[in-house]
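with the input below, show me the fold.
(4 chains)
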Number of protein chains: 2
Amino acid sequence: MTEPATAPRRSDATKAAILDAARERFAADGYERATIRAIARDANIDPSMVMRYYGNKEGLFVAASSIDLRIPELGALPGKHVGAVLVGHFLDRWEGDDVLTGMLRVSVTNEAGAERMRAIFAGQIGAVTAGVCPVPAEAARRAVLVASQILGMALARYVLRFGPAVEMSRDEVIAWLAPTVQRYLTAETP
Amino acid sequence: MTEPATAPRRSDATKAAILDAARERFAADGYERATIRAIARDANIDPSMVMRYYGNKEGLFVAASSIDLRIPELGALPGKHVGAVLVGHFLDRWEGDDVLTGMLRVSVTNEAGAERMRAIFAGQIGAVTAGVCPVPAEAARRAVLVASQILGMALARYVLRFGPAVEMSRDEVIAWLAPTVQRYLTAETP
DNA sequence: CTGGCATGTCAACGCTTGTTGGCCTACATT
DNA sequence: AATGTAGGCCAACAAGCGTTGACATGCCAG
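The predicted structure follows:
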């Protein structure tokens, strides 16, 4: 039993193609306008295959949007730079693939998407704030403040595409947002 | 001729009812899920009336989302409090009616909505930054930074409904966000 | 070679959507 | 009172949606 896991099936490539197409469509169009037919067309297969492998549209969305924010270890670095590291990390994460943009687009009109968004951001950012926040009881609130600035910039830069937000360089965004995030994380309660 | 304007028509009430229902539905459901039939049902009229008065769905949306942010006069107050005034004003504006929430929901999946959002926020906040920003050439960029924090909090509080964001009081939100906005407006370029 | 199972296509279903045109009603003007 | 017109409803259309089940094809084990 050297291979206890399920053997690689021939359909794995198809499943992956569907997932890729789904991510792209959800990111570009949001939940309602990303139709199963269009996703299937992109993946060069029949719409019924989507149903076979993912049950229904909601199942496909859930499968296409499994996210790990992969927030880096922060114990190692000086507490003063947590803000900059966090902002930089999120910029990388957002530009790496379409999944986060898709999540944001979908979560605005789809309750399941919103729930997922709440769990991901409150949970994974909350883990950070719990470590650096001077008032542990306020960790959840600090996490939401951080999320509001991160998501707001993502909205302006990747979804609404405000001209100046798109044109700013990575370093400029970090220079402006890092102090904000740093303050939300570590400042005394105002 | 004391009434040069068009005389009040009997259908004005109906038109207004349609617009009210449309605003509510767009705010609650976003563009695609806010159906003309549902809006008509809310307004207690036939769907065809919507077409008669507003042409098509997009026309209805345009009519339902004419917005003036009504940013207050700021020349009168000390420059140091501009941030707090601005944040407080936007909270009021957002909680006063559903129009801004609707705009935000729609603009994420609808290009016309996004264009409208860009024009409104870049334009009307830009007018403020042009007055108080130490580097006039950067006014547009400062405006977008302010918008990113304002919209991010609106997203967390009114759309995604993050628990802690909903529970914060008006004063708490202002206390946290005002310094951020103030810095984006008046700080030297980092 | 033969059977069985995974993979994939095809055609259709029931439903909802935006949108249209015809028809009835009630008011306002003459 | 007669009539033109604005306000409103009804029924229907074509298109698109998610979803389903029957049928063809390929692959691999026996």
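
which secondary element of chain A has the worst mean pLDDT?
helix A:111-132 (a mean of 90; mean pLDDT, DSSP states H and E).

quick check, that one touching chain B?
Yes - judged by Cβ under 8 Å from any Cβ of the partner chain, helix A:111-132 comes into contact with chain B at A:114, A:117, A:118, A:121, A:122. Yep, even glycine has a C-beta here, placed from its N, CA and C like the rest.

and stretch A:13-25, by the same measure?
No - Stretch A:13-25 lies out of reach of chain B by Cβ under 8 Å from any Cβ, never closer than 12.1 Å.

what residues does that stretch touch?
Outside stretch A:13-25, the residues that touch it by Cβ atoms under 8 Å, 6 or more residues apart in numbering or on different chains are A:34-35, A:38-40, A:42-45, A:49-50, A:53-54, A:60-61, A:63-65, A:97-99, A:102.

tell me, which of those residues make contact with DNA strand C?
A:44, A:45, A:49 (Cβ under 7 Å from any atom of the strand).

only the buried members of the residues you listed: can you turn that into a PyMOL selection?
Burial among these is assessed by 16 or more other Cβ atoms under 10 Å in any protein chain shown; the matching PyMOL selection reads:
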select buried, chain A and resi 45+49
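
check the gap between residue A:182 and residue A:175 for me.
The gap separating residue A:182 from residue A:175 is 12 Å, by Cβ to Cβ, to the nearest Å.

tell me which of those two has more neighbours.
Taking other Cβ atoms under 10 Å in any protein chain shown, residue A:182 and residue A:175 do not tie; residue A:182 has more neighbours (21 against 15).

quick one: buried residues of the one helix or strand the more buried one maps to?
Element membership for residue A:182, per DSSP states H and E: helix A:170-186. Residues of helix A:170-186 classed as buried by neighbour count (16+ other Cβ under 10 Å): A:173-174, A:176-186.

do me a favour and average the pLDDT over that helix.
For helix A:170-186, the mean per-residue pLDDT is 97.

over to stretch A:54-69?
So the average pLDDT for stretch A:54-69 ends up being 91.

stretch A:85-100 now?
What stretch A:85-100 shows for mean pLDDT is 93.

so is it next to chain B?
No - using Cβ under 8 Å from any Cβ, stretch A:85-100 stays clear of chain B, with a minimum separation of 11.8 Å.

residue A:63 and residue A:89, how far apart?
25 Å.

typed the wrong thing, it's residue A:53
In terms of Cβ to Cβ, residue A:53 sits 32 Å off from residue A:89.

what residues does chain A put near DNA strand C?
Residues of chain A lying close to DNA strand C by Cβ under 7 Å from any atom of the strand are A:9, A:10, A:11, A:13, A:14, A:44, A:45, A:46, A:47, A:48, A:49, A:52.

of the residues you listed, which is the nearest to chain B?
For the residues of chain A next to DNA strand C, the closest approach to chain B (Cβ to the nearest Cβ) belongs to residue A:47, at 19.2 Å.

isn't the closest one up against residue A:54?
No - with contact defined as Cβ atoms under 8 Å, residue A:47 does not count as touching residue A:54 (11.3 Å).

returning to what we had before: out of the residues of chain A next to DNA strand C, which end up buried?
Among these, those buried by neighbour count (16+ other Cβ under 10 Å) are A:14, A:45, A:49.
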